[in-house]
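> Sequence first, then the predicted structure, then my questions.
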Amino acid sequence: MPDPRTPRDKALRSALIATHCLVGGEGVEFVSLIDPPTDLAVHVGRCRNEFTFPVLGGGSPTAPARLRGPQGGGTGHVVLSSPIILPDHPQVAPESPGDLHDAAEIDEILTLRTMLLTDEEKREARATDLRAAEILDRVETMPPEVFRRLHGAVRSLAPVSPATTAPAPTSERPAWWQEGADAGFSPSTDTVLVDGVALGGGSRVRLRPRGRGADAQDMFLAGRTAEVAGVFHDVDGSVHLAVTLDDDPASELHTWYGRFHYFRPDELEPLEPEPVEPEPFGFEPLELAGSPGRAAVTGSRRTPEAATTDSETLSSGGR
């Protein structure tokens, strides 16, 4: 155990706080797992990562065009084994006014959390560490226009095909921010056509998230089966289906308070509905008038609602 009185700068030399593993070497070339060259895509698909997300490090790719992936990735000489999900060749965003932790954080979230510290907590942080004091000063004096830039930025735009399942806009429908803009939509009863099948509430599907452009967390659900809870229309005209996973033990709870996974129609594969087993019907022994015993009458079926046990019948005075 290190001496608790060890100065911070010295202690950090042997600490693994916010450690990022970089792998490289002479004559070594690494392949992108996100955007591999076409002839290596099959091999990349067999890779499995546990608790880390290897991406190509360094600057922009310099490999020949034949070795690059469809999006310009391909290969590189350095790999960053990142503990968080990053793109190939990650860089610190120019909107970031400075480090808050290790240059891999989400500035807006940590800035907001820092602003929520109590005055007492801020005094303790300033008295403990000079770097913490610098961060607090930067956050508290941050101009509003700098803070707004932390919310996000659009780096590039890719063409998208218009959604064919959304209702065609009409001049009579008010703008999305006006009252009545969502009139006519019903998530629980609306349907959307996928591979010739109308999907709506209660439909069973298999999840097929897109390889590129899909949410990273959705990729973990590829191949799982689910039930559609509703069809939702976005303000931009696109359509998403809310689903609950079949093998999620908390699916009923998620449905109760409205927490779902959302997928586009082209990310779902319709499944045949599960067959419903008919309720078994039994034969009710019928007591005949004037007979000391009971005779079974063939064909007299009892429904589950009409069936009673002997104890129920006796307690009600039926015999």
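All right, it came through fine.

> Below-threshold pLDDT in the stretch 1-150 of the chain: ranges please.
Flagging of the stretch 1-150 of the chain using pLDDT under 70 yields the residue ranges 1-2, 18, 60-73, 101-105.

> where along it do the strands fall?
21-24, 30-31, 53-56, 75-76, 78-82 (DSSP state E, counting those that start in this stretch).

> need the helices for the stretch 51-200 of the chain, in chain order.
Listed in chain order, the helices of the stretch 51-200 of the chain (DSSP state H, counting those that start in this stretch) span 107-115, 119-128, 130-140, 144-149.

> outside of the second one, which residues touch it?
When contacts are taken as Cβ atoms under 8 Å, 6 or more residues apart in numbering, the neighbours of helix 119-128 outside the stretch itself are 117, 132-133, 136. C-betas here are computed from N, CA, C, even on glycine.

> again, only this time at 6 Å
Applying Cβ atoms under 6 Å, 6 or more residues apart in numbering, the contact partners of helix 119-128 are 132-133, 136.

> which one is Leu80 nearest to, not counting chain neighbours?
The spatially closest residue to Leu80, leaving aside those adjacent along the chain, is Gly57, at 3.9 Å (Cβ to Cβ, 6 or more residues apart in numbering).

> Ala226 is nearest to which of the helices of the stretch 51-200 of the chain?
Among those, the nearest to Ala226 by Cβ to Cβ is helix 107-115 (29.4 Å).

> Show me what that closest one is in contact with.
96, 100, 139, 150-151.

> Now with 10 Å, please.
Helix 107-115 is contacted by residues 92-93, 95-101, 105-106, 121-122, 125, 132, 135-136, 138-140, 142, 146-152 when judged by Cβ atoms under 10 Å, 6 or more residues apart in numbering.

> of those, buried ones?
With neighbours counted using 16 or more other Cβ atoms under 10 Å, the contacts of helix 107-115 contain these buried positions: 96, 100, 122, 125, 135-136, 138-139, 142, 147, 149-150.

> which of those residues sit farthest apart?
In the buried ones among the contacts of helix 107-115, two members sit farther apart than any others by Cβ to Cβ. They are Ala125 and Arg149, at 24.8 Å.

> Tyr257: how many residues sit nearby?
6 (other Cβ atoms under 10 Å).

> which ones are touching it?
When the contact criterion is Cβ under 10 Å, 6+ apart, Tyr257 has no partners at all.

> Next one: it, what pLDDT does it get?
You'll see Tyr257 listed with a pLDDT of 82.

> Look up how far Leu100 lies from it.
Tyr257 sits 33 Å away from Leu100, going by Cβ to Cβ, to the nearest Å.

> swap in Gly27?
The span separating Gly27 from Leu100 equals 38 Å under the rule Cβ to Cβ.

> picking that back up, what is the nearest of the buried ones among the contacts of helix 107-115 to Pro87?
Minimum distance to Pro87 across these is 15.8 Å, recorded for Ser96 (Cβ to Cβ).

> Skipping adjacent residues, who's closest to the closest one in space?
Counting by Cβ to Cβ, 6+ apart, the nearest residue to Ser96 once its immediate chain neighbours are dropped is Asp107, at 5.2 Å.

> check contacts around Pro97.
Pro97 touches 107, 111, 138-139, 142-143, 146-147, 149-150, counting by Cβ under 10 Å, 6+ apart.

> Out of the residues you listed, which is nearest to Asn49?
For those, the residue nearest Asn49 by Cβ to Cβ is Asp107; the value is 25.9 Å.

> Not counting the helix or strand Arg206 falls within itself, show me its contacts.
In this structure, Arg206 sits in strand 204-207 according to DSSP states H and E. If you take Cβ under 10 Å, 6+ apart as the criterion, strand 204-207 is touched by 194, 197, 199, 218-228, 241, 243, 245-246, 261, 263, 265, 267-274.

> Now the buried members of these.
In the contacts of strand 204-207, the ones that pass as buried (16+ other Cβ under 10 Å) are 194, 199, 221, 224-228, 241, 243, 245, 261, 263, 265, 267-268, 270-271.

> residues contacting Asp3?
Residues counted as contacts of Asp3 (Cβ under 10 Å, 6+ apart) are 10-11.

> Dump the contacts of Pro97 to a markdown table, plus distance to Ile84.
A markdown table is the format used below for the contacts of Pro97 (distance: Cβ to Cβ, whole Å):
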| residue | distance to Ile84 |
| --- | --- |
| Asp107 | 14 |
| Thr111 | 18 |
| Arg138 | 22 |
| Val139 | 22 |
| Met142 | 24 |
| Pro143 | 28 |
| Val146 | 24 |
| Phe147 | 23 |
| Arg149 | 21 |
| Leu150 | 17 |
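
> of the residues you listed, closest to Leu33?
Using Cβ to Cβ, Asp107 is the member of the contacts of Pro97 that lies nearest Leu33, at 26.1 Å.

> Leaving out chain neighbours, which residue sits closest to Gly230?
Once chain neighbours are set aside, the closest to Gly230 by Cβ to Cβ, 6+ apart is Pro187, at 3.4 Å.
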